[in-house]
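>>> what follows is a predicted structure for the sequence shown.
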Amino acid sequence: MTAPARQLGANPWIWHSPVTTDALAETLPRLAGWGFDCVELPLEQPDDWDPASCAKLLDATGLSPAAVIGVMTPGRDLVRTTPDTARTTQDYLRRCVDHAHAIGAPVVAGPLYAAVGRTWRMDTRERSAAYAEWREHLAPVVEYARRAGVRLAVEPLNRYETSFVNTVAQTLDALDGLPADGIGLALDTYHQNIEEHSLSAAVHTAGERIAHVQVCANDRGAPGADHLDWPGFLRALADAAPGLPLCIESFTAHNDAIAVAASVWRPLATTQDALATEGLGFLRRTLTAL
């Protein structure tokens, strides 16, 4: 049986937060040993991991850098904020681009608009104004990324984590006017399961604007240990984004900071290793069967 060509990856957040150079040195060889092809690299703070050391680890393990993940902690905002906060957020996102360029990652992905957990009500006029403000603040970062050969990927989150963009349709509306070669969408099955009527329909709506894909079960556990329509979702991706990797993103309940940030109050698998390896096995089997 021929193995699927699509690369499969994982995020070290499954075990660690913050993801430091030491955490990568411990995690990347294990990912490679299990048969993963690539890895996401969260950057909570610009000095958490060193690009040169990371590049050496990637080379030694044979893993590809699927994306640098931008982390929108409190105080990182590009909308409904002060000029100083917008500037410091732009600077942080440029550092993410620098890290991506240095290690050869094609994408910087995440909710690149406001701190996770910020919500506010907007009518149609206010939403339009918020999207215009965001585009104005993000446009210089998009251009900076384009010059570096990196594409940004904006992730819509569920209604409990943001009110800015929750669906693919809203995200496309917000992106209108920004260059497609510089910025696209990051899809995450966890959020899509909450906000979209159909995972596959959302993929088709996003189409060529998809720049990165994160996968996990509906409860953030291992893909396949859930009720999601994985064959339909993966067939839709085969049409819309055939060359993009799939990266398992989940979190550990054993780290206070990340457990609170991601609302992970219980173990999501028998072990964190099992979450990664069982998800990898399920994705490979399902892709092969399509």
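Right, received. Where do you want to start?
>>> low-confidence ranges, the protein, go.
Along the chain, the model assigns pLDDT under 70 to residues 1-4, 255-257.
>>> would you map the helices across it?
Using DSSP state H, the helices found in the chain span residues 21-34, 51-61, 83-103, 124-148, 168-175, 189-195, 199-206, 230-240, 256-262, 272-289.
>>> residues of the fourth one that come out buried?
So that's helix 124-148. For helix 124-148, a neighbour-count test (16 or more other C-beta atoms under 10 Å) marks 127, 130-131, 133-135, 137-139, 141-142, 144-146 as buried. The C-beta positions use only the backbone N, C-alpha and C, and glycine is treated the same way.
>>> likewise for stretch 224-242?
Buried positions in stretch 224-242, judged by neighbour count with 16+ other C-beta under 10 Å: 224, 225, 226, 228, 230, 233, 234, 236, 237, 240, 241.
>>> again with stretch 150-161
Across stretch 150-161, burial judged by 16+ other C-beta under 10 Å covers 150, 151, 152, 153, 154, 155, 156, 157, 161.
>>> pick the one among those residues closest to residue 253.
residue 161 (17.6 Å; C-beta to C-beta).
>>> find the residue closest to that closest one in space, skipping its chain neighbours.
Spatial nearest neighbour of residue 161, chain neighbours left out: residue 116 (5.3 Å); criterion: C-beta to C-beta, 6 or more residues apart in numbering.
>>> quick check, the one you found in contact with residue 160.
No: contact criterion C-beta atoms under 8 Å: residue 116 and residue 160 do not qualify, at 10.0 Å.
>>> for residue 34, which non-adjacent residue is closest in space?
Excluding its sequence neighbours, the residue lying closest to residue 34 (C-beta to C-beta, 6+ apart) is residue 277, at 5.3 Å.
>>> hang on, that neighbour packs against residue 31?
No: assessed by C-beta under 8 Å, residue 277 is found out of contact with residue 31, at 9.8 Å.
>>> who touches both of those two?
Taking C-beta atoms under 8 Å, 6 or more residues apart in numbering as the criterion, residue 277 and residue 31 do not both touch any residue.
>>> show me which of the two is the more surrounded one.
Comparing residue 277 with residue 31 by other C-beta atoms under 10 Å, the one with more neighbours is residue 31, at 24 against 20.
>>> surely that one touches residue 7?
No: between residue 31 and residue 7 there is no contact under C-beta under 8 Å: 11.9 Å.
>>> rewinding a little: between the buried residues of stretch 150-161, which is nearest residue 169?
Of all the buried residues of stretch 150-161, residue 169 sits closest to residue 156, with 9.3 Å by C-beta to C-beta.
>>> ok, that closest one - contacts?
Residue 156 makes contacts with 111, 162, 165, 166, 167, 168, 170, 171, 185, 191, 195, as judged by C-beta under 8 Å, 6+ apart.
>>> neighbour count and distance to residue 15 added to the residues you listed, as a markdown table?
Shown next, in a markdown table, are the contacts of residue 156 (neighbours: other C-beta atoms under 10 Å; distance: C-beta to C-beta, whole Å):
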| residue | neighbour count | distance to residue 15 |
| --- | --- | --- |
| 111 | 23 | 22 |
| 162 | 22 | 26 |
| 165 | 27 | 29 |
| 166 | 20 | 29 |
| 167 | 20 | 31 |
| 168 | 23 | 30 |
| 170 | 15 | 32 |
| 171 | 24 | 29 |
| 185 | 27 | 27 |
| 191 | 23 | 22 |
| 195 | 18 | 28 |
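>>> make JSON lines out of those and add distance to residue 79.
Output for the contacts of residue 156, formatted as JSON lines (distance: C-beta to C-beta, whole Å):
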{"residue": "111", "distance to residue 79": "11"}
{"residue": "162", "distance to residue 79": "10"}
{"residue": "165", "distance to residue 79": "10"}
{"residue": "166", "distance to residue 79": "15"}
{"residue": "167", "distance to residue 79": "17"}
{"residue": "168", "distance to residue 79": "19"}
{"residue": "170", "distance to residue 79": "13"}
{"residue": "171", "distance to residue 79": "14"}
{"residue": "185", "distance to residue 79": "17"}
{"residue": "191", "distance to residue 79": "18"}
{"residue": "195", "distance to residue 79": "19"}
